[in-house]
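Novice: can't give you the sequence, but here's the structure:
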């Protein structure tokens, strides 16, 4: 399935986003421009290819 492949392709980026979300309340973390661009690309690609189940 395409969505599973996209998630596998961006597993590292998803992990980085998860860490940033969890630790942002307690730890200040600065990202480089390259990191932000890579994470933004991953989010856009994932959102384009992964659909939510119907309500």
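Specialist: Structure received. If you're wondering where the values come from, they're calculated on a predicted model, not measured in any experiment.
Novice: When you work out contacts or count neighbours from here on, use the C-alpha atoms and nothing else.
Specialist: OK.
Novice: Return the helix or strand in this structure with minimum mean pLDDT.
Specialist: Lowest by mean pLDDT, DSSP states H and E among the helices and strands of the chain is helix 2-9, with a mean of 76.
Novice: now for that helix, which elements pack on it?
Specialist: When contacts are defined as 3 or more Cα pairs under 8 Å, 6 or more residues apart in numbering; DSSP states H and E, helix 2-9 sits against helix 33-49.
Novice: try 10 Å
Specialist: helix 11-23, helix 33-49 (3 or more Cα pairs under 10 Å, 6 or more residues apart in numbering; DSSP states H and E).
Novice: Tell me the buried residues in that helix?
Specialist: 6-7 (16 or more other Cα atoms under 10 Å).
Novice: Stretch 8-26 now?
Specialist: Result for stretch 8-26 [16+ other Cα under 10 Å]: buried residues 10, 13-14, 17, 20.
Novice: now these in CSV, with pLDDT and distance to residue 54?
Specialist: Listed next are these as CSV, based on pLDDT from 0 to 100; distance: Cα to Cα, whole Å:
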residue, pLDDT, distance to residue 54
10, 88, 24
13, 91, 26
14, 90, 23
17, 91, 25
20, 89, 29
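Novice: Identify, from those residues, the entry nearest to residue 46.
Specialist: The closest of those to residue 46 turns out to be residue 10 (Cα to Cα; 8.0 Å).
Novice: give me phi/psi at the closest one?
Specialist: phi -110, psi 30 (degrees, to the nearest 10).
Novice: Wait, it touches residue 49, no?
Specialist: No. With contact defined as Cα atoms under 10 Å, residue 10 does not reach residue 49; the gap is 11.9 Å.
Novice: wait, what's in contact with the one residue sitting closest to the centre of the chain?
Specialist: Nearest to the mean C-alpha position of the chain, by Cα atoms, centre = their mean, lies residue 14 at 3.6 Å. Residue 14 makes contacts with 7-8, 20, 39, 42-43, 46, as judged by Cα atoms under 10 Å, 6 or more residues apart in numbering.
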